[in-house]
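**Q** Sequence first, then the predicted structure:
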Amino acid sequence: MKIIRFLSDDHRVLYGKYDMDRPDCARIIEGDIFRDFHVTPEKARIKSFLPPVQPSNILALGLNYRRHAEETEMDIPDYPIVFMKATGSVIGHGEPILLPAVGPGMVDYEAELAVVIGTSAKNLQIPEAMACVLGYACANDVSARDWQFEKQKGQWVRGKSFDTFCPLGPWLVTKDEIAHPDRLRIRSLLNEEDILQDSNTCNMIHHVAAIISFLSQSMTLLPGTVILTGTPEGVGFTRQPPVFLKAGDRITVEIEGIGRLSNPVVRE
């Protein structure tokens with residue numbers, strides 16, 4: 001099932017079941033998507049997409065694709081490299097990414113598979129880790145490279161937590177539709193023409209179940225936790241010449257079996 005959170009034509013914020021054959025409307029979902037919910041016969045027209053969840057936490061992995069680690073000339077990590085993004089950085093499909101006034105010139109893209117946790121989980125072993133997953137979404141771990149690497153060296157959270165720096169969506173695909181999250185083609189496209197990243201989640205160093213197990217050993221994963229699983233090679237700052245987002249661009253994340261998350265870019 002594709003679950004969307006959206007603003008309706010009559011200005012209600014709703015959850016809905018999305019049908020690709022009827023892209024202008026959704027069947028309204030009643031109840032709590034993390035507990036008990038049901039899909040009603042009532043339909044509402046979609047005015048705009050909102051992030052499919054309001055995250056309780058955003059946990060993210062760095063250098064989780066070998067070729068990405070190699071292109072950054074960083075060591076392959078023995079354990080997942082974990083950082084956090086501010087929950088206020090989340091935006092939905094179609095919403096603009098803002099190039100921040102304090103650093104508009106080195107804003108980068110990172111296509112990522114997002115895992116959404118559905119039930120509280122702690123100290124999970126790898127074989128049981130997938131039981132807590134609600135579903136998956138496309139994500140873009142937008143990053144201000146000057147703030148991440150130059151202005152405050154090693155301050156990944158600052159560089160990755162500006163407002164609008166976590167596009168998420170366009171919907172949440174429940175786990176029953178994604179049999180193998182570690183075997184999905186993942187791409188990023190600039191202005192619908194230039195393919196900047198093209199890889200597969202099978203190339204992740206740490207796969208989804210291992211990531212969940214690892215994170216659950218240090219914190220309780222709450223319902224609504226969003227885990228960004230890392231980005232493949234092809235990011236902007238490693239290119240020659242570098243490719244950074246600029247006003248007027250549109251950046252798209254495409255993941256097999258999930259969909260396309262697309263956002264315009266504007267100056268703050």
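**A** Looks like it arrived, so ask away. Numbering: from 1, shown residues only.
**Q** What is the neighbour count of residue 135?
**A** Residues lying near residue 135 (other C-beta atoms under 10 Å) number 25. For every residue, glycine as well, the C-beta is placed using N, CA and C.
**Q** Identify the bridge partners of it.
**A** Beta-bridge pairing for residue 135 (DSSP bridges): residue 116, residue 174.
**Q** List the residues that contact it.
**A** By C-beta atoms under 8 Å, 6 or more residues apart in numbering, residue 135 lies in contact with 3, 116, 118, 172-175, 177-178.
**Q** how close does it get to residue 76?
**A** Distance, residue 135 to residue 76, using C-beta to C-beta, to the nearest Å: 29 Å.
**Q** thinking again about what came up before, in a markdown table, list the contacts of residue 135 along with distance to residue 108 and pLDDT.
**A** Below are those laid out as a markdown table (distance: C-beta to C-beta, whole Å; pLDDT from 0 to 100):
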| residue | distance to residue 108 | pLDDT |
| --- | --- | --- |
| 3 | 29 | 98 |
| 116 | 24 | 98 |
| 118 | 30 | 98 |
| 172 | 25 | 98 |
| 173 | 26 | 98 |
| 174 | 31 | 98 |
| 175 | 30 | 97 |
| 177 | 30 | 97 |
| 178 | 27 | 98 |
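**Q** farthest residue from the center of this structure?
**A** residue 41 (29.7 Å; C-alpha atoms, centre = their mean).
**Q** Touching, that residue and residue 29? I think so.
**A** No: checked against C-beta atoms under 8 Å, the pair residue 41 and residue 29 is beyond contact range at 11.6 Å.
**Q** Excluding covalently adjacent residues, which one is nearest to the residue farthest from the centre of the chain?
**A** In space, and not counting its chain neighbours, residue 41 is closest to residue 27: 6.9 Å by C-beta to C-beta, 6 or more residues apart in numbering.
**Q** Could you give the number of residues near that neighbour?
**A** Residue 27, neighbours per other C-beta under 10 Å, totals 17.
**Q** Now do the contacts for it.
**A** Counting by C-beta under 8 Å, 6+ apart, residue 27 has contacts 16-17, 19, 39-43.
**Q** In which helix or strand does it reside?
**A** Under the criterion DSSP states H and E, the helix or strand holding residue 27 is strand 25-31.
**Q** So which bits of that strand are buried?
**A** 25-29 (16 or more other C-beta atoms under 10 Å).
**Q** ditto for stretch 116-136
**A** 116-118, 121, 124, 129, 132-136.
**Q** How about stretch 91-111?
**A** 91-100, 103-104, 106-111.
**Q** residues in contact with residue 264?
**A** 94, 96-97, 248-250.
**Q** Can I take it that it is in a helix?
**A** No: assigned with DSSP: H, G, I helix; E, B strand; the rest coil, residue 264 falls outside any helix and is strand.
**Q** tell me which residues form a beta bridge with it?
**A** The partner residues for residue 264, given DSSP bridges, come to residue 250.
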